[in-house]
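Enquirer: any chance you can model this:
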Amino acid sequence: MTESSTRLNIEILGISPYNKGAVLMLEAIRQKFREQLPQARLAVPSSWPSDQRLELGLYCTYPRERSGLDKSRLMELLPRGFRRSVGFMSPNDVDVVLDASGFAYGDYWGLQKLQRRLGRTAGQWKTERKTLVLLPQAFGPFESPGIAEALRAALRKADLVFARDLLSLQHVQGVLAQMPHDTVRLSPDFTPLLKAELPARLGHVRGAVLIIPNEKMVAGERAPLRDDYLAFLCCCAESLAGMGRKVMVLVHEGAQDRQLARELNALLPRPLAVIDEPSPVVTKAVIGAAHAVVSSRFHGLVSALSAAVPTLACGWTHKYQALMTDYGCPELNIDMADRASWTGKLALLERAAQDDAVRKQLQAAVARQRSLGEAMWASVFELLRRRHPAQTAAVQP
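Expert: Numbers count the residues shown, from 1 in each chain. Model (predicted):
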């Protein structure tokens, strides 16, 4: 038996190196495989920056979402030893595909994205010896022409599908009525299982209230809401500072979120300190050290709530409300269009942040969510060991 046949080769889809929430999911995946199957090879698309990929010890695949000639197939003409030496994982090398998209399939993203990423994967690459798992993510709705049919065709070839919230589960079940009931399951976001320690150099952020903007709140058809959104962020900064709190802005993503932070500070009489850490794990640790958080970034919410930090959510899809419900605090979700509610919701956040009972309730919710996340991984690794015994038998934890 060759070395390649005794090591599990895993391709991870849907992880952008430029999205900290996505990289948090990658880090959580890497952590679990180090614990359970440390000899497994993990790969991401070659569109990743090489230095970042090599630093993380990841192989690369040719991106599945490219149109035209499938260049990854050309790489199979090269000897396997050479492919391995340059860190390339060809289609025939792949044993398992993990789709960690987070939120990529539904009317908002459109039919083409579903077909490029998931449809091609399930239709052309899923075979009897390969395994396809969709890790916990938000789905739907699927009302645009053709999108429900495309999802149905793809997911019928999946081995496990995890919906991240009840509404997403309902969206999937609505188009997969004939799918085996044990294939589609409910499981929360799994990044709460990722450990994150606050560096000593950032000790000054402890006890601050963090405002986390999100450019998607004003992207596309929401662009006319930019002034309203900035007015909301200003209200947050001024109200919370008026309560005696140290308020900071945390940039969770890239240039467009930084621009929102600059525009917010330009509107304030006293600009706020801006926290902008390149590491998603350090960013998670900063959020976990806060007194309270106002977030429009989904993984900003997850990082706060999973550290039992009271948080006010201001989001743009159903996944925000669902997350707040999962953690037992749906009342801390705000409708930005309801200006009259802004100050009241901020006052509610401050009261929650000072209430030990609220924090204990959050801690209990955190324990439940982590338990569900561990159960999800247990089912994934049970599947991998059952379908790929030769590659997993020698590396039991």
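
Enquirer: what residues sit buried inside the longest helix along the chain?
Expert: Looking across the chain with DSSP state H, the single longest helix is helix 356-387. By 16 or more other Cβ atoms under 10 Å, the buried positions in helix 356-387 come out as 358, 361-362, 365-366, 369, 372-373, 376-377, 379-381, 384-385, 387. (C-beta placed from N, C-alpha, C; glycine too.)

Enquirer: which of those residues scores worst on pLDDT?
Expert: Ranked by pLDDT, those bottom out at R387, which scores 92.

Enquirer: go ahead and confirm it touches D159.
Expert: Yes - counting by Cβ atoms under 8 Å, R387 touches D159, with 7.4 Å between them.

Enquirer: okay, and the common contacts of the two?
Expert: T131 (Cβ atoms under 8 Å, 6 or more residues apart in numbering).

Enquirer: with adjacent residues omitted, what lies nearest to C234?
Expert: Spatial nearest neighbour of C234, excluding adjacent residues (Cβ to Cβ, 6 or more residues apart in numbering): L267 at 5.3 Å.

Enquirer: an error on my part: the question was meant for H318.
Expert: Leaving aside its sequence neighbours, H318 sits nearest to L167 (Cβ to Cβ, 6+ apart; 5.1 Å).

Enquirer: mind listing the strands for the chain?
Expert: 9-13, 41-45, 59-61, 96-99, 103-105, 131-139, 160-163, 184-186, 209-212, 247-250, 273-275, 292-295, 311-313 (DSSP state E).

Enquirer: which other helices and strands does the fourth one contact?
Expert: Under the contact definition 3 or more Cβ pairs under 8 Å, 6 or more residues apart in numbering; DSSP states H and E, strand 96-99 sits against strand 9-13, strand 131-139.

Enquirer: repeat that with 10 Å
Expert: Counting contacts by 3 or more Cβ pairs under 10 Å, 6 or more residues apart in numbering; DSSP states H and E, strand 96-99 packs against strand 9-13, helix 20-36, strand 41-45, strand 131-139, strand 160-163, helix 356-387.

Enquirer: equivalent analysis for the fifth one, please.
Expert: Taking 3+ Cβ pairs under 10 Å, 6+ apart as the contact definition, the neighbouring helices and strands of strand 103-105 are helix 111-113, strand 131-139, helix 147-155, helix 166-175.

Enquirer: neighbouring strands - and their directions - for that strand?
Expert: Partners of strand 103-105 in the sheet, by DSSP bridges, are strand 131-139 (parallel).

Enquirer: okay, the angle between the partner strand and strand 9-13?
Expert: Here the directions of strand 131-139 and strand 9-13 differ by 20 degrees (axes from the mean of the first three to the mean of the last three Cα atoms, to 10 degrees).

Enquirer: show me how far strand 131-139 is from its chain's centre.
Expert: Averaging C-alpha positions (Cα atoms, centre = their mean, to the nearest Å) puts strand 131-139 11 Å from its chain's average.
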